[in-house]
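In: got a predicted structure plus its sequence, pasted below:
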Amino acid sequence: MGDRMQEIITEYFKMLTAINSPSGEEGALATKLAPILRDRGFSLREDSLGNIIASKGEGEPLLLCAHLDTVESTEGLATKYEGDYIKSDGSTILGADDKAGIAIILATLDTLDCQAPQELLFSVQEERGMVGSKALRSEDLRAKWGLVLDAAEPVGAVINQAPGEADLEILIRGQGAHAAANPQDGIDAIRLAAGFIHQLPPHSISEGSSFNIGVIQGGMATNTICPRVRLLGEIRSFEDAKRREIAKELESMLQSTLEGSGGSYDFHCWESYPSYLVDVDHGLIKLLERTSVPLEIEVDVHSRFAGSDANILNNLGLAVVNLGVGVQGNHSSDERVSISAMVKMATWLKAILGDWCHGRP
Ligand SMILES: [Zn+2]
């Protein structure tokens, strides 16, 4: 079984990674997948963004989800095999995030002994902040429980909790003037921004929360006092109320920095996606634990400080966890994936769907 599964998975992985699918350009990959799914008895819907929802069978399905996009282009990808690992030649990312997840799902479907009701979601633009899954409504999905195959962690990792994120845009306005002829007429927005940045608390602002200012834009010429600086950032926290609290703190810090300077500001903070938590006693976790035992997979239920489609799906009312698929170094040219890990995950997924043949536990 292991050898056959390995053959099927590596074939799928090769096929998937041969198609370039950066965020927003998933069309060719979706076109490749559609007939494969139809041949396996799925009925397909593709929404206006390009998300594919496929379903098969009567009764409550278990949702399996992976994203079609890669964080950047893999144009010209040359894959290399190194022992148990597949990697790129270093000139592009491999795109195993999340083509490993798709390959695992396809290989599992090909080797099932019993056909449980299934629902598949292949989302688009996940790497742009789950743009694809955010467009879904709860009535788009029949499943109540689901598995996202998208964690760059070893197989057995079950991400049952992740923080939500809020985005920040801060505009600091001063007054432009000639830097040499009449500097006294200027209010330097760069210096105002520096005063604010200098006071910022640490990135790990408190237990379970983080924030970052990651972009600074401003200035036009060395002989001009900068009239405007734009800062972009993010706040993450397991607690949704905590993000608003941190935003308030940052705004009052900015306000006091600018006091008496003649400068002004706009402070925008908006929710990007909510946090989620699937309780360790939830039936979904129990299902994963039960089916892992005969395969000697060690289940490690934990939180991870990164968003995924699981955040969005939980917010739609499903119970969804994100599973490790054996990818390492994702979002870098050192990205690689373990073949044996993908085989292990597909074998486990097959056992999970086998259990689901008796209905939701
Ligand atoms: Zn991913």
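Out: Happy to help now that I have it. A quick note: this is a predicted structure, and the numbers were derived from the prediction, not measured.
In: might you name the residue of the stretch 151-300 of the chain sitting closest to the ion?
Out: Of the residues in the stretch 151-300 of the chain, the one nearest the ion is Ala152, at a distance of 7.4 Å by CB to the ion. No exception for glycine: its C-beta is placed from N, CA and C like everyone else's.
In: pretty sure that residue is touching Leu94, no?
Out: No. Using CB atoms under 8 Å as the test, Ala152 is too far from Leu94 to be in contact (11.4 Å).
In: mind checking pLDDT for the residue of the stretch 151-300 of the chain closest to the ion?
Out: pLDDT, Ala152: 96.
In: can you check Gly2 too?
Out: Reported pLDDT for Gly2: 66.
In: returning to what we had before: neighbour-wise, which of Ala152 and Leu94 wins?
Out: Set side by side, Ala152 and Leu94 show more neighbours around Leu94, with 29 against 21, by other CB atoms under 10 Å.
In: who's in contact with the more buried one?
Out: Residues near Leu94 by CB atoms under 8 Å, 6 or more residues apart in numbering: Thr17, Thr74, Leu77, Thr79, Ile86, Lys87, Ser88, Glu335, Arg336, Val337.
In: since we're on the residue nearest to the third one when sequence neighbours are not counted, how many residues are nearby?
Out: What it means is Leu77. Once flanking residues are discounted, Leu77 sits nearest to Thr92: 5.1 Å by CB to CB, 6 or more residues apart in numbering. Neighbourhood size, Thr92 [other CB under 10 Å]: 20.
In: how near is Thr92 to the ion?
Out: Distance of Thr92 to the ion, given as CB to the ion, to the nearest Å: 16 Å.
In: may I ask which helix or strand encompasses that residue?
Out: Element membership for Thr92 (DSSP states H and E) is empty, with no helix or strand holding it.
In: which pLDDT value goes with it?
Out: Thr92 is given a pLDDT of 92.
In: so who does it touch?
Out: Thr92 neighbours (CB under 8 Å, 6+ apart): Glu72, Ser73, Thr74, Glu75, Gly76, Leu77, Ser333.
In: nearest spatial neighbour of the residue positioned nearest the centre of the chain, skipping sequence neighbours?
Out: Central residue of the chain (CA atoms, centre = their mean): Ser308, 3.3 Å from the mean position. Computed as CB to CB, 6+ apart, the closest residue to Ser308 that is not its neighbour in sequence is Asn322, at 4.8 Å.
In: cool, and Ile52?
Out: Nearest non-adjacent residue to Ile52, counting by CB to CB, 6+ apart: Phe122, 4.3 Å away.
In: next, give phi and psi for that neighbour.
Out: Main-chain dihedrals, Phe122, degrees, to the nearest 10: phi -110, psi 110.
In: spit out the contact partners of it.
Out: Contacts of Phe122 by CB under 8 Å, 6+ apart are Ala30, Leu33, Asn51, Ile52, Ala54, Cys65, Ala66, His67, Leu68, Ile102.
In: touching, Thr74 and Gly95? I think so.
Out: Yes. The pair Thr74 / Gly95 is scored as a contact, 4.5 Å apart, by CB under 8 Å.
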